[in-house]
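>>> I would like the atomic coordinates for the input below:
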Amino acid sequence: VQLLESGGGVVQAGGSLNLSCVASSRPTTTYCMGWFFQAPGAEREFVAATSRLEQMTSYADSVKERFTISRNDAKNAVYLQMIGLRPEDTGIYYCAAGAEICTHRDATDVYSWGQGTQVTVSS
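Reported below is the predicted structural model:
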């Protein structure tokens, strides 16, 4: 399955952005979809993921209370609403699909990656 992100951009600290990701085909019902983040010079790390029908949702501690993930299975889409953005949130955000990422939250469990969308938060 191919994943296509949109919605990145430049925002001041405290601002908000909404990311979207659309899959080219319907992932199997067992797949979780979510987001990973890669800061410059750092490894890719888990942000949030949600299972089909949002029955299971998980977040990295650093984004709880600030980011909200949602999913529209009819549109093969997953979204990330980001508020209270901080300069340390600057990096590339990747859409991801994988059966185990909702529980393992590990990049090695990702089956498909999007191309990434840049988010820049200025101080």
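
>>> is the residue most central in space within the chain in a helix, a strand, or coil?
The chain has Trp35 as the residue nearest its centroid, 1.9 Å off, counting by CA atoms, centre = their mean. Using DSSP: H, G, I helix; E, B strand; the rest coil, the structure places Trp35 in strand.

>>> partners of it in the sheet?
In this entry, Trp35 is beta-bridged to Ala48, Cys95, by DSSP bridges.

>>> mind listing what's buried along the helix or strand bottoming out on mean pLDDT in the chain?
Sorted by mean pLDDT, DSSP states H and E, the helices and strands of the chain end with helix 101-104, the least confident at a mean of 92. The neighbour-count check on helix 101-104 (16 or more other CB atoms under 10 Å) flags Ile101, Cys102, His104 as buried. C-betas here are computed from N, CA, C, even on glycine.

>>> tell me the spacing between the residue nearest to the centre of the chain and Cys102.
Using CB to CB, to the nearest Å, Trp35 is found at 12 Å from Cys102.

>>> got it, and Ala48?
Per CB to CB, Ala48 is found 9 Å from Cys102.

>>> shared neighbours, the two?
Gly34, Thr57, Ser58 (CB atoms under 8 Å, 6 or more residues apart in numbering).

>>> may I ask which of those residues has the most neighbours?
Counting neighbours by other CB atoms under 10 Å, Gly34 leads those with 28 neighbours.

>>> excluding its backbone neighbours, what's nearest Arg66?
In space, and not counting its chain neighbours, Arg66 is closest to Gly84: 4.5 Å by CB to CB, 6 or more residues apart in numbering.

>>> what about the residue nearest to Glu45 when sequence neighbours are not counted, how many residues nearby?
Nearest non-adjacent residue to Glu45, counting by CB to CB, 6+ apart: Phe37, 5.7 Å away. Using other CB under 10 Å, Phe37 has 23 other residues around it.

>>> which residues touch Phe37?
Arg44, Glu45, Phe46, Val47, Asp89, Gly91, Ile92, Tyr93, Tyr94.
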